[in-house]
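Visitor: need a structure here:
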Amino acid sequence: MASSRNVAVVVGSLRKDSINRKMAAALIGLAPKTLSCAFAEIGDLSLYNQDFDANPPASWVAFRDKIRPVDAVLFVTPEYNRSVPGVLKNAIDIGSRPYGQSVWDKKPAGIVSVSPSGMGGFGSNHHLRQSLVSFNMPTMAQPEAYIAHGDKLFDADGKFAEERTKGFMQKFIDAFATWIETHATAG
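Guide: Sure thing, here's the model as predicted:
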């Protein structure tokens, strides 16, 4: 039996009623018992500035300390202008610095992009993948999760409105658990 793995869940949207936060919460609910998932909040992170590397703000330290001990990271993000939201890119930059001290190094990653549009956040998903490669994060390739029409996925209680979507997301989170187990020991 696989050992328990700690997973940081990073949501690229700050909006209170974010469909990406709903997706992240629903995925946490579907996660197998081998995964212990917890949100790593990014909303209070000031903008990354290399001048602060020697004496980082407390929010940067807390965020890095939240990511450093986890076994894997699940990113759930919308798409803004064919890329990742600025708040998510900022969090990624904060975690990757100072140079040579990245908290992302060797952590298996999964990406889900959710959009109300028909394209499902394809652009943000792939831009994020491009960044993660440079951090030495083995990122799960299959199943890909570009979730379209995200504004119609959940009922009033935040549960999946369709069994088909729930089934696909179950397949995704189960595959991610296997991905983590395969790659977490590599670090």
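Visitor: longest helix anywhere in this structure?
Guide: Counting by DSSP state H, the longest helix found in the chain is helix 163-184.
Visitor: would you indicate which residues of that helix are buried?
Guide: Within helix 163-184, the residues that qualify as buried are 165-166, 169-170, 172-177, 179-181, 183-184, counting by 16 or more other C-beta atoms under 10 Å. In short, each C-beta sits where N, CA and C put it, glycine included.
Visitor: which two in those are spaced the farthest apart?
Guide: Pairwise distances across these (C-beta to C-beta) peak at 27.5 Å, for the pair Thr165 and Ala184.
Visitor: for this protein, which spans come out with low pLDDT?
Guide: Where the chain drops to pLDDT under 70, the residues are 1-3, 185-187.
Visitor: show me where it has its strands.
Guide: For the chain, the strands defined by DSSP state E cover 5-11, 35-39, 72-77, 109-114, 146-147.
Visitor: ok and the longest one relative to strand 109-114, angle-wise?
Guide: Going back to what we said before, that points to strand 5-11. Comparing the axes of strand 5-11 and strand 109-114 via axes from the mean of the first three to the mean of the last three C-alpha atoms, to 10 degrees yields an angle of 30 degrees.
Visitor: how about the third one?
Guide: Between strand 72-77 and strand 109-114, the angle comes out at 20 degrees (the same axes, to 10 degrees).
Visitor: picking that back up, columns mean neighbour count on top of the strands of the chain, output as TSV?
Guide: Listed next are the strands of the chain as TSV, based on neighbours: other C-beta atoms under 10 Å:
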stretch	mean neighbour count
strand 5-11	23
strand 35-39	17
strand 72-77	27
strand 109-114	26
strand 146-147	20
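Visitor: any chance of the ones you listed in CSV, with distance to Lys89 too?
Guide: Shown next, in CSV, are the strands of the chain (distance: least, C-beta to C-beta, whole Å):
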stretch, distance to Lys89
strand 5-11, 11
strand 35-39, 18
strand 72-77, 10
strand 109-114, 14
strand 146-147, 19
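Visitor: minimum distance to Ile94: which of these has it?
Guide: Within the strands of the chain, the stretch nearest Ile94 is strand 5-11; the backing value is 11.3 Å (C-beta to C-beta).
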